[in-house]
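Q: based on what follows, work out the 3D shape:
(one chain, ligands or ions: 2)
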Amino acid sequence: MSLRASFWAFREAAAGRMRGFLTILLCLAGIASAQEAGTGSDNGFTVARADQDAYSQPAPALSYRESETFLQGRSHFKRRWVASVAFNGEWGLGPTFIQTRCSECHINNGRGGPPQAPNEQLATMLVRLSLPGANEHGGPLPDPNYGDQFQNRALQGESVDFQYSWEPVPAEAALYLDWEERSVTLPDGEEISLRRPVLRIEKLAFGPMGEGAMTSLRNTPPLIGLGLLEAVPAQREAANPVVRRGGEMFRQAACGGCHVPELKTAETYPAFPKLANRSFRAYTDLLVHDMGDELADGRPDFKAGPRDWRTAPLWGVGLSGTVNGQSALLHDGRARDVTEAILWHGGEATASRDAFSKLPKADREALARFVEAI
Ligand code: HEC
Ligand code: HEC
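A: Ligands and ions are numbered 1, 2, ... in the order given. Now for the predicted structure:
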């Protein structure tokens, strides 16, 4: 077994462990996406919180036993992965990795964001990679040297990597972002500057990337209404006239064609009967859409083409900054606010974006305010 192959075996073992843990969490994930129709009402799955813990509350409807499971999941989520067997962490880290706990990317269950400076590495974002073609499951074909995700940190000899080599194992690569800025002029003359991240990969430590390698930058999404059975923060400011006006503009620009305000859970839900037959207001259709060339990453992922993205749920979006200071939107964190996010919409959402662009400034602002109150 080559040195590199043994790293893979090691990493597979660690990943297997991780998967077992994830399965537990993700079994729970299917259960918890509910919010009652209407704003601010607490049906047991929303909480009236608008502070930094707004994304981290257990659903009030949980029974005592279910809350125990929640707390157990949460403690794993915050627990550090460590290189050698220890009392203060989960064994199985390294030799390369990105972060040492779930909560280092999903800080307070919130989103991540791009680095602040060109010489700062990605920390709460990650980079997928694959080669042209598909694996045996129809999914992305991993790079032979770097797998399907770059690991930009390493133990650097901290501990177990010495079992494989006398030299400390380096990080796979250093990952930075540069920005391409440009501005768009709206029909009323307002100029808005947009920025697109350009990934810079340096210090490839295990040889070149495979022929035709494709990368995709991903920002960490917030985790509410899923996974840990966290409650969803209630909609806010429903009676505010600006927010109400924004709601009308949301309908007028047909945003709800994809950001469907309300869905219903199945009639029967044996695993968690409390959640059967309930309305929830996530503002997503849970489907992928062609969003045009501007948002494309050029990398297919199973049946999703290079321009296809899942409609991001909008619930809780306005609390992102309050939760952990990060409010970068879209899959790669390029949008600094709701207006920029809308202006990047293309493909199937072109008509909707254009309708937004043509609105008077006050209505554009009202629409953004409405989205931030969802
Ligand atoms: C290196 C940063 C990072 C770490 C550490 C991390 N995540 Fe994530 N997480 C992400 C990113 C980025 C995505 C989005 C991936 C994509 O766009 O396909 C994500 C997506 C998710 C999702 C799907 C959310 C959705 O709305 O579809 C869940 C659930 C999740 N992570 C849970 C976890 C758990 C549990 C852990 C710890 C075992 C963890 N994450 C560790 C960055 C991270
Ligand atoms: C054709 C479907 C479609 C329509 C119509 C649409 N969106 Fe989106 N929206 C998406 C998809 C898909 C994404 C995720 C794109 C990505 O991650 O790069 C998204 C992302 C967003 C985001 C960023 C959310 C986040 O968490 O990153 C906001 C805000 C948003 N849309 C608001 C709107 C508004 C307001 C309108 C109406 C003017 C609208 N959208 C119309 C599909 C649509």
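Q: need the contact list for V317.
A: V317 makes contacts with 222, 329, 338, 371-372, 374, as judged by Cβ atoms under 8 Å, 6 or more residues apart in numbering. The C-beta positions use only the backbone N, C-alpha and C, and glycine is treated the same way.
Q: closest to ligand 2 among those?
A: Taking Cβ to the nearest ligand atom as the measure, ligand 2 lies nearest L329 of these, at 3.6 Å.
Q: that closest one and V338 touch, don't they?
A: Yes - L329 is within contact range of V338, at 7.1 Å (criterion: Cβ atoms under 8 Å).
Q: residues in contact with the residue of the chain most remote from its centre?
A: Most distant residue from the mean C-alpha position of the chain: W166, 37.5 Å away (Cα atoms, centre = their mean). Neighbour list for W166: empty [criterion: Cβ under 8 Å, 6+ apart].
Q: how close does it get to R153?
A: W166 sits 21 Å away from R153, going by Cβ to Cβ, to the nearest Å.
Q: ok, now I98?
A: I98 is 6 Å from R153, by Cβ to Cβ.
Q: how far away is I374 from E262?
A: In terms of Cβ to Cβ, I374 sits 12 Å off from E262.
Q: could you pull out the residues contacting both of the two?
A: Common contacts of I374 and E262, defined by Cβ under 8 Å, 6+ apart, comprise R281.
Q: okay, the two: which has more neighbours?
A: Each of I374 and E262 has its neighbours counted (other Cβ atoms under 10 Å); I374 has more, 26 against 14.
Q: Three-state assignment for the residue lying closest to the more buried one once chain neighbours are set aside, please.
A: Counting by Cβ to Cβ, 6 or more residues apart in numbering, I374 lies nearest to L314, which is 4.8 Å off, once chain neighbours are set aside. Look at L314: counting by DSSP: H, G, I helix; E, B strand; the rest coil, its state is coil.
Q: in terms of neighbours, single out the busier of L329 and V338.
A: Using other Cβ under 10 Å, the more surrounded residue of L329 and V338 is L329, with 24 against 21.
Q: what's the closest of the contacts of V317 to ligand 1?
A: Ligand 1 lies nearest to P222 out of those, by Cβ to the nearest ligand atom, at 7.7 Å.
Q: got a list of what the closest one touches?
A: Contacts of P222 (Cβ under 8 Å, 6+ apart): 55, 106, 109-111, 316-317, 320, 323.
Q: read off the pLDDT value for it.
A: At P222, the model reports a pLDDT of 95.
Q: same question for the one 3 residues further on.
A: Model confidence at G225, given as pLDDT, is 86.
Q: and what of T39?
A: We have a pLDDT of 37 for T39.
Q: cool, and A231?
A: On pLDDT, A231 comes in at 88.
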